[in-house]
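Peer 1: Predicted model and sequence below, questions to follow.
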Amino acid sequence: MKVLLILPSIILSITCLSEVQNLVCRVSPAHCNSFKILFSSSNLTQLDTKHSKNQITVYIYCSNARTCIEGYKVYLVDNAKVSYTQFGLSWAEYPLVALPEPVIFPSSEITRYYGNICAYSYSYWWWDWPEWEPHLDWLAFSGFNLVYIPTGIEMVLYRVFTKLGVPAHEVLSFFNGPTFLAWNRMGNMHSYPRPLSLEFLKHQVQLQHRITNRLTSLGVDFVVPGFAGFVPRYLQLLFPEEQFANASCWLEFNTSFSCLTYIDTASPFYQEVGDLFMRELRDTLNTGNKYSVDTFNENTPVNASLGYLAAVSNATVSLIVRHDPTAIWVVQGWTFGYDPYWTTPRVEAYLGAVPAEHVLILDMFAESKPNFPRTGGWFGKPFLWTLINNFGGNTVINGHIGFIVGNFSAAQAQYPNCIGFGFMPEGIEENTILLDAVLSFTYPLRSRDPASHLEWWRRAVGVYRYKEHYPGRIVSDISHALYSFHQERYYNSYIMYKRPGFGMQFVYNSNTRDNRHILAEFSRLLGDGRHVNKAMLIDAITVASNLLEQLFYERYKGLISGYLTGNNTEVDLHSRGMRDITTTLDSFASFLPSRSISCYKQRIAVFAKTVHFHPDQLYRDFLTQITLWDRSGEVEKVRDYAFKMWSGVISGYYAHRWDVFCSFVKSSMASSQPFDHTAYDVEVRKIEFKFTHSQNMMAECQQNLTVVVKLVKLINSVILF
């Protein structure tokens, strides 16, 4: 009798190919059976088609899940002229196209990293599996092969601290609530604004297993948090003889919510507690060999000596390598550009002694303030050129497509240790056109010359995103007119979403003529009525909003000018104009459930029931986060940081603040008295606190995606503003 020997690698490959087939069926259910994923031992991916009985079958020969998904994407984008975006498949119905000859290409070897810890509070905090599953499909389809997953880490810490003797209620109170949990994970805040529930911790562990199992099956590696040393203050009472320190207070928060206690990383006690952490981590969560540890994220070290910094980094690496000899310490480079403490010699002392095989540095905000030039390419350590491009989950246009692609390409050419690209937005589903351009540059069969690539991309994306009859026209206009400025000049300059006052400044990212021209193109595309998808609607609404925000600033300048010159007619005219603009903006946002606050209220209620929170409490925390951020309203640095161009927020919060400001301007003119700043501050705070404590003021969640005719009319009216 012959024994059939099946190699484990082949069994694993067959399993992975099955998972890719499942992804194909989720992404393209209409063509589920038309794609055949077949194992190949070659390091080349091959696409081929067969035509039989008026049906086309697409064959993808590949060696693992990642190369199979690459093949699937290349076929869809380059041949079927369709893509899978954060909003789903760009076109649900599309014809399969026969290939004139097989397409053969090598896989892309670069690392593509995804994930920002802030996004877990600005975007993901209420998500469950129905939200995560399509997002993971999009990550894999987009080519990301390394993803940051901190989900579930609180259960690990809970078990560590309770085993050390900290009461359970003290541990749960140490954590931030779900909407602000990211800043506890970063060591910036504690106990804000309310404790976690044990049900939340359990739910997150289950979710982490589902997320990481799916990522692994799709060929995507992941990063989990390591032990940064932050602990409840109660632990210091239990171990008074050990070395503890207090982190610097974050922004303007005091010790009630900040200035966390941490175990001195250079002390033996850090290793002792860290060993317990690593054992619990690997017993509780799925792990790979990559661990994110950032002891000094927006937190200045207490010791300035170079020797101390080297000891801290060595202790961090020693801990994870002792439990996993292949471990890699993933370091966020943000703090080295944020805090002036981090001179180049201090950065070198901190990172220089770490073996290159045990570290990966994320050069965050490289689109504006990269650190690799001043560190000589991070002293030869592996690093990723990393784009943020979104702060606070803001719904605004940001970024310079040509600069980003060109700068990333130049970094790779100059530094062989720049091993890939990272995308780390603080909030998701914004500026997706820019991301499409950048990601496509890293994919197989693309020109490595930035200018040539962008010329190709502008033609291609117009077809698979908009089904343009004149490919590239509208995308070329958008990329040249709206995505050709540097974020550091523009970020945070939208005055409509700031507390109103005098002397406010706005930096234009484009001119109103270009915005009107692009809107006219969208009106043509949408008015056709034959080809409409969510990406098109979001892009059109984003451009319209961009124009309205510019016009709002013009009205603001007119209002202030009228006030200073005593022209009542001008003040009345511009205050009415500002009100009209906010009303129109709110109407635009209402077309999208993702930009309607009432829709979030329903989702939060479902999540609250799952994790045993009162829904009104979580909803209030959420409203605070996207407006005042700090529930006292006193921390100016974070007020309106996470502003959102959402229906219900514009009409219920921003518009009312501007109404109060305009009212005080008119009152000052009528009484011939100076503007009463004290009384104004009192009244505007009333508006802010009323909104953050509201519960029943929001309308029902409306699904307006199909009301294209109404949207076109609104766009046409804005063109004439």
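Peer 2: Received, thanks. Numbers count the residues shown, from 1 in each chain.

Peer 1: For the biggest helix by length in the chain, name the packing helices and strands.
Peer 2: Ranked by number of residues, the top helix in the chain under DSSP state H is helix 534-565. Helix 534-565 sits against helix 432-441, helix 450-466, helix 512-528, helix 568-589, helix 655-671, helix 708-719, with contacts defined as 3 or more CB pairs under 8 Å, 6 or more residues apart in numbering; DSSP states H and E. Every C-beta, even on glycine, is put in place using the N, C-alpha and C of the backbone.

Peer 1: How far does the last one sit from its chain's centre?
Peer 2: In other words, helix 708-719. Put simply, helix 708-719 sits 29 Å off its chain's centre (CA atoms, centre = their mean, to the nearest Å).

Peer 1: Name the surrounding residues that touch it.
Peer 2: Surrounding helix 708-719, the residues in contact under the criterion CB atoms under 8 Å, 6 or more residues apart in numbering are 516, 519-520, 522-523, 526-527, 529, 532, 537, 540-541, 544, 547-548, 584, 587-588, 591, 704.

Peer 1: Okay, angle between that helix and helix 534-565 too, please.
Peer 2: Using axes from the mean of the first three to the mean of the last three CA atoms, to 10 degrees, the interaxial angle of helix 708-719 with respect to helix 534-565 works out to 30 degrees.

Peer 1: you'd agree residue 112 is in a helix?
Peer 2: No. With DSSP: H, G, I helix; E, B strand; the rest coil as the criterion, residue 112 is assigned strand and is not in a helix.

Peer 1: what about it, how many residues close to it?
Peer 2: Residue neighbour count, defined by other CB atoms under 10 Å, stands at 22 for residue 112.

Peer 1: how far away is the residue nearest to residue 142 when sequence neighbours are not counted from residue 83?
Peer 2: Leaving out its chain neighbours, the residue that sits closest to residue 142 by CB to CB, 6 or more residues apart in numbering is residue 439, at 5.6 Å. Here the distance between residue 439 and residue 83 works out to 10 Å (CB to CB, to the nearest Å).

Peer 1: what's the answer for residue 306, then?
Peer 2: Noted for residue 306: a distance of 49 Å to residue 83, by CB to CB.

Peer 1: Repeat that for residue 690.
Peer 2: Separation of residue 690 from residue 83 (CB to CB): 43 Å.

Peer 1: again, but for residue 644
Peer 2: Residue 644 is 26 Å from residue 83, where distance means CB to CB.

Peer 1: what are the ranges of the helices in the stretch 201-350 of the chain?
Peer 2: Listed in chain order, the helices of the stretch 201-350 of the chain (DSSP state H, counting those that start in this stretch) span residues 234-238, 268-284, 306-323, 334-338, 344-352.

Peer 1: got those as a markdown table, with distance to residue 75 columns?
Peer 2: Conversion of those to a markdown table gives the following (distance: least, CB to CB, whole Å):
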| stretch | distance to residue 75 |
| --- | --- |
| helix 234-238 | 55 |
| helix 268-284 | 39 |
| helix 306-323 | 40 |
| helix 334-338 | 37 |
| helix 344-352 | 42 |
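
Peer 1: most packed of the ones you listed?
Peer 2: The highest mean neighbour count among those, using mean count of other CB atoms under 10 Å, belongs to helix 334-338: a mean of 21.

Peer 1: could I have it exported to CSV, CA atoms only?
Peer 2: Output for helix 334-338, consisting of C-alpha atoms alone and laid out as CSV, is shown next (Å, rounded to 0.1, in the frame of the first residue of the first chain):
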residue,chain,number,x,y,z
TRP,A,334,6.2,60.4,16.8
THR,A,335,7.6,61.4,20.2
PHE,A,336,11.0,62.1,18.8
GLY,A,337,9.6,64.9,16.6
TYR,A,338,6.9,66.0,19.1
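
Peer 1: Let the chain start at 27 from now.
Peer 2: OK, 27 is where the count begins now, so the last one is helix 360-364.

Peer 1: May I have the residues that are in contact with residue 608?
Peer 2: When contacts are taken as CB under 8 Å, 6+ apart, residue 608 is in contact with 522, 578, 676, 677, 680, 681, 684.

Peer 1: what about the third one, neighbour count?
Peer 2: Per other CB under 10 Å, the neighbour tally for residue 676 reads 28.

Peer 1: Tell me, what's the model's pLDDT at the closest residue to it other than its chain neighbours?
Peer 2: Of all residues not flanking residue 676 in the chain, residue 612 sits nearest, at 4.2 Å (CB to CB, 6+ apart). Model confidence at residue 612, expressed as pLDDT, equals 94.

Peer 1: got the end-to-end distance for stretch 313-324?
Peer 2: One end of stretch 313-324 to the other measures 26 Å (CA to CA, to the nearest Å).

Peer 1: which parts of it are buried?
Peer 2: By neighbour count on 16 or more other CB atoms under 10 Å, the buried set for stretch 313-324 is 313, 314, 316, 317, 318, 319, 320, 321, 322, 323, 324.

Peer 1: quick one: which helix or strand includes residue 131?
Peer 2: Under the assignment given by DSSP states H and E, the secondary-structure element containing residue 131 is strand 129-132.

Peer 1: for the record, mean pLDDT for that strand?
Peer 2: Over the span of strand 129-132, the pLDDT mean works out to 95.

Peer 1: What of stretch 417-426?
Peer 2: When pLDDT is averaged along stretch 417-426, the result is 89.

Peer 1: just how off-centre is that stretch within its chain?
Peer 2: When distances are taken as CA atoms, centre = their mean, stretch 417-426 is centred 10 Å away from the chain's centroid.

Peer 1: one step back: if you count what's nearby, which of residue 465 and residue 109 comes out ahead?
Peer 2: Each of residue 465 and residue 109 has its neighbours counted (other CB under 10 Å); residue 109 has more, 21 against 17.

Peer 1: which residues does the more buried one contact?
Peer 2: By CB under 8 Å, 6+ apart, the contact list for residue 109 reads 99, 102, 103, 115, 116, 462, 490, 491.

Peer 1: Among those, which one sits closest to residue 171?
Peer 2: Distance from residue 171 was checked for each of the contacts of residue 109 by CB to CB. The minimum falls on residue 99, at 12.9 Å.

Peer 1: Can you tell me, leaving aside adjacent residues, what's nearest to the closest one?
Peer 2: Nearest to residue 99 is residue 167, by CB to CB, 6+ apart, at 5.7 Å.
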